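Enquirer: below is the structure, and that's it, no one-letter string:
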């Protein structure tokens, strides 16, 4: 199993040993340690959607320590959150779970057709909190994408100099895209490619639909007969679009959903060669014991122990 | 009583000893020393509303020394003001009352739908003036919120490195919100969460109304039956929204009001688990002796000595 | 042959020895080494047009290593790509092909009349990846041209201090120009001049048409009877416009086209005194063996070995 | 009583409010709060003399937390120690006792006629640990005194910019002085003057003997008939030598001694206008309860509650 | 077992979460993970004594990869080496064993009574190589000790800001000490204290003899009847001298010795409350299989699995 980690690390040959060490820490922690698969717990919804929408359904989640403990108890590979949530527990949980500091966030108290998150933390914060990586969200398709790409460029350069890994949330969004277009297969594949070109080590995208958003892309997909009918095929195409599978691509779980749907998605991710999931709301918006069972099932699907 | 201060400090485990020392100084000063409760005197209305609107009713307040002396005589935990007001008295009153330097302010000589305060002081100023904390106002909901959050990020990083505490005034405001929405319970709770995620040690919000502003939030509040009928319930919810009570949340007094209203509010803050009040206009816009009696009553309510 | 390289280097007499060394590396590598001619493989289409549009027709190209190998096997002078693509192979291929790091890129998930690429890499990145040059795109005619020129200024200053060469993609574009005007001879010649004046060592433009876009220019072209009927004449004029041939000007291949057209263009570039081609899509959007034959033909045209 | 603190602060009129605040914190803490007198617990003997010589007689003192607790329980004004000892407890004891970070120390594993301490901490360390002051030792009379004075100059400038106070241990020592000369009245008075001229806010010297070390000084003392027969007279002369009493001068307790001697010395310090004592070995080299009684007696002498 | 790690981390309460995380990584890796005990493989003898003296007896050790593999195969907690040795393998072994970058070293091509190592690496190097800690050697007793202490001060401040741990090799040495005095119990205990006061997180000293070197210390040891007859007693005293056991103290193995001696020493370290060993020459100066058996025996002694 450890060989798979070595293989993955070989794709990051321009990175220094520090960054490789931190990628390895992600891949060698938790129940999926050594499999090359990841399940990450992200909790930025308090900032993104507000506290009640995030935590009222399972009020333990108001407490920042809850999420550290959940990620540890479930055997996740890492826990990702904004500055405040990590500051609130990083000392108590020092060394018990790899941490990813999300360096930008966007709240929903105002609505923007072309949203732009705020930078809310720094690479120095990530070092003082003992994180293995920084996380950064870009919205390809937004009229502010330049500003985001350039913030990311600077942060990624800093992070890499300090031996940290860079995780990019690449979420197409903005006035140029239809709502459905945000998860269209051509758009999601493009978003994965952009994140990879910007130097991301780990790329997080949404699961793509079979829709084709851009006319110029549509022609090519049809001409080349790129198979995008099943979710497995689409995952495969997205992974291919991220340097032919030579970058770690994980998929977000999205809003709370039926367990069977999530498990089916996990199977598609696995069978399409995806590297795993980042599952927030489906994890912390239910009782802890239930969440752990749920996460263990997903991990079992990824490790092959479950069908 | 001292145990309550130790307990509160334990929530700030990622902070250095310097920041913990300054939080402790806030909590161990004045009539409420050691109770875990705070009454802070803020005087930034001269800048925010103009001198006559602020001080004409009690002209002693034109003199910056008046407010230092009022905060001391009333046994407040701290006095908060912009650069000029603190510079005018910090030397004379050195060591007699913890000071909070407000690092941004907004005047009302021009009107903005989406206001953006000016940064008017620095962390260095706070050190040379002997402050225990810096204060910073954000307006979640403003189209300028990114700029404010990013200014705060940088200031907070500096302040924490220098061992200062960070107090955030989180006041939802801007074209995306209705006037009533600024104090809607969902919005105030969200504002508290944002400040906490941005790394605030002390969070100041307005007392929330029972209104629900955002449609997406409304659904959740109703589905989860979050109790928000009484002010006590709403305070409880706001405190919960700030890391399940693991951040100090205090409430602003707002415009001059009937004393009995303010006392009723203080009881609700106390019973809802709030940490205290920051009371400007209700304090300095009346004769000093009367103000002291008024503040002592509030402190008595918080300490439990009064009903 | 070596004299031609010395002659070319003599035009860059204000540059430091490091920059001259790196220009020489470009000119002394590959099948065209020493001829003063260049064929460069650029692969930024994944970012610019999306992965499927770029790579679906020849899926090997999804893999970043494919392009390094193609450039080496074809005997190109250099390989140019954005950060992610270079990071993915620079270590494995260290020292086997001169690299050019493209420092800005523009995606097509949103459409702008006046486009503005994002800065996605740095001079430091170019140094750590072992590049001989940085590449930068400007859009003369865009309302954002100032921002691009000023970014280039800063990057070029840095690059030259570090002994790197500067390659400028000068592509007229923006609301002030008609679509045909983007390749009008007056406009392309002007674009070459602007890049040269901004300090570019190597200038990349599109092949110009015989159209004249600007009225003021048109008058002069007609009065002076500047020969622009044949492509050879137009290439000659563009080269003249870049400091009378004392800057290296290369031409882009554009979209996939009939081979015979491309070869005819190469002859015109050669006969007009152009320095070579930068050929992306016509190279990597076909099977590798075929691409190599294709590129060798172009190189043969430039070296004079082929007609 | 508070007036005495105000009076003392008035001597430091060139200092910023931050430094005055921290001097005030020293003067307003512990059993002697507000009296203008100080008893400080210093524990740098572990570094200066070695652990067994310092702590074996009362092994609780090996534990760094012991000294924080002793200083608090005895009601000292402050606790002073090197970096390691403060780091080991500053968080747990945050805000409970003013701290002084000793920024240089000298060990006794090698013997130097002209000793030179090492700088072992920084002003940044003092801020992050929440200290009110930095401490620095100079050895006037040492051939290395220039180096020490210049280190102190730089540290004091930094500390004052950051609102910290500067405490100088001024201990004449070096090949130019006889062993007895180190505590000769002319030498001690001179050492106090040097520290004051270097910008110290608080000056710590040893109790002077009646000896006169320097011939040039001796002439003057005799001609001017400066009274130096009693310890009280000598303390008075030293205090006068530190800007006519306008700088806080405290006296060190020296090696473990008979309690009655120490009390007699305290009376002389009090009657001579000294500002207090810094008492290490006589405090922590005995059982804690006994130490507290002992320190309370000294405090009682200073406050006038005891004879 | 994990509780022991938490307990140890609680001693470092002034450190940021990053430093705590890296201390935890040391304590949670290898066969002794979670026991609170450490066995570290250090290989700086190539620099300190020369290659043949270090590696000729077991020539595999000339290869830097040998030592990474040995530390991994033996289940050590960490591997410590100078810049060159770590650079030679940190990428290949990324994430497989915690690394400590030794930041200063001393060669033996010249002889100094008062030696002074050279600084040969930086905190930035440690970050880019993915290390958990920096290592630094001081020679208390050397006439150059000031320079070393001050280098360490600066490095430790940097390292702590970046979330790294600081390991100090505290080896008394210099013209002021007799050869036997370098390991005299009073001197070794003093060396441990100095390292702790300088802010070390992990302290490495030599095993002490029963000799007493310094006259002033001898008096105290005899008066206080400090038990130093057995090695266990002496280890206990050294651990006590490092903040009463609140700092991690490990002992060096010294030159190649009879296995039974080393095992006896390990038992004394364990029974005296020491935290483990750092064993170089006894590990790599024998065949690998034998070395692993040898190290496993020591680990078994520490974990209690062996007598």
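Expert: Structure received. Computed from a prediction, not measured in an experiment: that's the story for all the values here. Numbering: from 1, shown residues only, chains lettered A, B, ... in the order given.
Enquirer: tell me the SS of the residue nearest the centre of chain A?
Expert: Among the residues of chain A, the one closest to the centroid is residue A:204, at 3.5 Å (Cα atoms, centre = their mean). With DSSP: H, G, I helix; E, B strand; the rest coil as the basis, residue A:204 sits in strand.
Enquirer: just residue A:30 next, same as before
Expert: Following three-state DSSP, residue A:30 is assigned to coil.
Enquirer: helix or strand for residue A:249, which one?
Expert: strand A:248-252 (DSSP states H and E).
Enquirer: from the chain's centre, how far out does that strand sit?
Expert: Offset of strand A:248-252 from its chain centre (Cα atoms, centre = their mean, to the nearest Å): 5 Å.
Enquirer: given that strand, what are its sheet partners and their directions?
Expert: When pairs are called by DSSP bridges, strand A:248-252 turns out to pair with strand A:202-206 (parallel), strand A:276-278 (parallel).
Enquirer: could you give the mean pLDDT of that strand?
Expert: Strand A:248-252 shows a mean pLDDT of 97.
Enquirer: now swap in stretch A:20-31 and tell me
Expert: Mean pLDDT, stretch A:20-31: 98.
Enquirer: if we can go back for a sec, quick one, which of the strands paired with strand A:248-252 is packed in tightest?
Expert: Mean neighbours per residue, mean count of other Cβ atoms under 10 Å in any protein chain shown, is largest over the strands paired with strand A:248-252 for strand A:276-278, with a mean of 27. Where you see a C-beta, it was placed from the backbone N, CA and C, and this is true even at glycine.
Enquirer: now the element after that strand, going C-ward?
Expert: Note on strand A:276-278: by DSSP H and E, the next helix or strand toward the C-terminus is helix A:281-284.
Enquirer: ok, back up a step: so for residue D:51, which of the strands paired with strand A:248-252 sits nearest?
Expert: Taking Cβ to Cβ, strand A:202-206 is the member of the strands paired with strand A:248-252 nearest to residue D:51, at 48.5 Å.
Enquirer: and the next element down the chain from that closest one?
Expert: As assigned by DSSP H and E, the chain's next helix or strand after strand A:202-206 is helix A:215-223.
Enquirer: how about the helices in the stretch 101-250 of chain A?
Expert: In the stretch 101-250 of chain A, the helices defined using DSSP state H, counting those that start in this stretch lie at A:123-128, A:145-161, A:185-197, A:215-223, A:231-241.
Enquirer: so what touches the strand holding residue A:249?
Expert: Defining contact as Cβ atoms under 8 Å, 6 or more residues apart in numbering or on different chains, one finds that strand A:248-252 is touched by A:8, A:23, A:38, A:40, A:42, A:169, A:192, A:201-207, A:235, A:238-239, A:242, A:265, A:269, A:274-280.
Enquirer: give me the helices and strands touching whatever helix or strand comes next after it, please.
Expert: Per DSSP H and E, the first helix or strand lying C-terminal to strand A:248-252 is helix A:259-271. Judged by 3 or more Cβ pairs under 8 Å, 6 or more residues apart in numbering or on different chains; DSSP states H and E, helix A:259-271 is in contact with helix A:231-241, strand A:276-278, helix A:288-303.
Enquirer: return the most buried member of these.
Expert: Of the helices and strands packed on helix A:259-271, strand A:276-278 is the most buried (mean count of other Cβ under 10 Å), at a mean of 27.
Enquirer: mind checking how far that one is from the chain centre?
Expert: Centroid separation for strand A:276-278 versus its chain: 6 Å, with Cα atoms, centre = their mean.
Enquirer: contacting residues around that strand?
Expert: With Cβ under 8 Å, 6+ apart, strand A:276-278 has contacts from A:32, A:37-42, A:77, A:80, A:204, A:250-253, A:265-266, A:269, A:298, A:302.
Enquirer: show the buried residues in these.
Expert: Among these, those scoring as buried are A:32, A:37-42, A:77, A:80, A:204, A:250-253, A:265-266, A:269, A:298, A:302 (criterion: 16 or more other Cβ atoms under 10 Å in any protein chain shown).
Enquirer: how many neighbours does residue A:129 have?
Expert: Neighbour count of residue A:129, defined by other Cβ atoms under 10 Å in any protein chain shown: 24.
Enquirer: wait, it touches residue E:20, no?
Expert: No: the criterion here is Cβ atoms under 8 Å, and residue A:129 misses it with residue E:20 at 9.9 Å.
Enquirer: before we move on, back to that, out of the helices of the stretch 101-250 of chain A, which gets nearest to chain B?
Expert: helix A:123-128 (6.8 Å; Cβ to the nearest Cβ).
Enquirer: next one: phi and psi at residue A:306?
Expert: phi -120, psi 160 (degrees, to the nearest 10).
Enquirer: any idea how far the nearest residue to residue A:85 once chain neighbours are set aside is from chain E?
Expert: Leaving aside its chain neighbours, residue A:85 sits nearest to residue A:64 (4.7 Å; criterion: Cβ to Cβ, 6 or more residues apart in numbering or on different chains). Distance of residue A:64 to chain E, computed by Cβ to the nearest Cβ, to the nearest Å: 13 Å.
Enquirer: next, residue A:64: phi, psi?
Expert: Phi and psi for residue A:64, reported as degrees, to the nearest 10, are phi -60, psi -30.
Enquirer: okay, now it: neighbour count?
Expert: With other Cβ under 10 Å as criterion, residue A:64 counts 25.
Enquirer: low pLDDT regions in chain A?
Expert: The model of chain A has pLDDT under 70 over residues A:1-2, A:254.
Enquirer: 90 instead?
Expert: A:1-3, A:110-115, A:175-176, A:253-257, A:307 (pLDDT under 90).
Enquirer: for it, which residue gets nearest to chain D?
Expert: Using Cβ to the nearest Cβ, the single residue of chain A nearest to chain D is residue A:91, 9.5 Å away.
Enquirer: mind listing what that residue touches?
Expert: For residue A:91, the contacting residues are B:13, B:14, E:16, E:17, E:20, by Cβ under 8 Å, 6+ apart.
Enquirer: and residue A:258, how many neighbours?
Expert: Neighbour count for residue A:258, taken as other Cβ under 10 Å: 9.
Enquirer: count the neighbours of the spatially closest residue to residue A:139 that is not a sequence neighbour for me.
Expert: Closest residue in space to residue A:139, ignoring its immediate chain neighbours: residue A:173 at 4.2 Å, by Cβ to Cβ, 6+ apart. Look at residue A:173: counted by other Cβ under 10 Å, it has 24 neighbours.
Enquirer: tell me the residues of the stretch 51-200 of chain A that contact chain E?
Expert: Residues of the stretch 51-200 of chain A found near chain E (Cβ under 8 Å from any Cβ of the partner chain) are A:90-91, A:94-96, A:124, A:127-131, A:161-163.
Enquirer: which residue lies farthest from the center of chain A?
Expert: residue A:223 (31.3 Å).
Enquirer: ok, now which ones touch it?
Expert: Neighbour list for residue A:223: C:56, C:57 [criterion: Cβ under 8 Å, 6+ apart].
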